[in-house]
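Q: Sharing a model that was predicted from the sequence below.
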Amino acid sequence: LWDSWEDDAVIRDVATSRYLDRDRLHYIDFVGETFSVKGPAIVPRPPQGQLVVFAPEGLLPVELVDVTLTDGTARAVTPLTFTEIEVALDTPRATAVQRIADLGPWPERGRIRHAGSADGLVRLLTDLAGAVDGVRLHPLVLDEDLGVLSRLVVPALLRRRVAARPVPGASLRTTLGLPRPASRFQETA
């Protein structure tokens, strides 16, 4: 669906009153279990070209994945590899261990875990920086851990140049250093 408009489908020729080149629109006739799509999208192709696809290794064919999500530091054959980390941080209210105990069992999902101080998480992320392209953090309790991440972890990572601020207005694809994919309908020269 993202490719149903070629990049140059929009003409905007006021003199001839043409807005679109119909030959550069492509009908997508998809029928799934719960929905169907007929015709091109109602809007032009997005600036990223296609959505950035994150997937655990083996879930999708590698040619469809931009970022492989791993439970360690193993590299994937996709353009980028991110390690998934579950995080429970010490807060002013309670230690991570106390917070975990208060919530009951923390289900095992096969990801790396960090339970403890913000400084410990900064050390872990700094160590991982040379082994993988990024991380995806899963806070134990978003309302509690996000404040610690934003006040203590992110600034320390920025100071160590392990993380970088995104450029305002940049797409996720640009921020990750991924190329904009060509439309599958675009003629190649």
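A: Sure, I can see it.

Q: In a strand, A115, correct?
A: Yes - for A115, which was evaluated using DSSP: H, G, I helix; E, B strand; the rest coil, the result is membership in a strand.

Q: Kindly state the beta-bridge partners for it.
A: A115 has these beta-bridge partners by DSSP bridges: A88.

Q: Counting neighbours, what do you get for it?
A: Counted with other C-beta atoms under 10 Å, residues neighbouring A115 total 18. Bear in mind the C-beta positions are built from the backbone N, C-alpha and C, glycine included.

Q: how about the helices of this protein, start to end?
A: 96-103, 118-128, 142-148, 154-159, 172-175 (DSSP state H).

Q: hmm, who's touching the longest one?
A: It refers to helix 118-128. Counting contacts by C-beta atoms under 8 Å, 6 or more residues apart in numbering, the residues outside helix 118-128 that touch it are 73, 83, 85, 87, 89-90, 112, 114, 135, 148-149, 152-153, 156-157, 160, 162-163.

Q: domains of this protein?
A: If the domains of the chain are taken from the TED database, they occupy 10-47, 54-160, with pieces of a single domain joined by a plus sign.

Q: Which one of the helices of the chain lies nearest to V53?
A: Smallest distance to V53 across the helices of the chain (C-beta to C-beta): 10.5 Å, for helix 172-175.

Q: Show the secondary-structure elements that that closest one is packed against.
A: Using 3 or more C-beta pairs under 8 Å, 6 or more residues apart in numbering; DSSP states H and E, no helix or strand is in contact with helix 172-175.

Q: just how off-centre is that helix within its chain?
A: The gap between where helix 172-175 is centred and where its chain is centred comes out at 9 Å by C-alpha atoms, centre = their mean, to the nearest Å.
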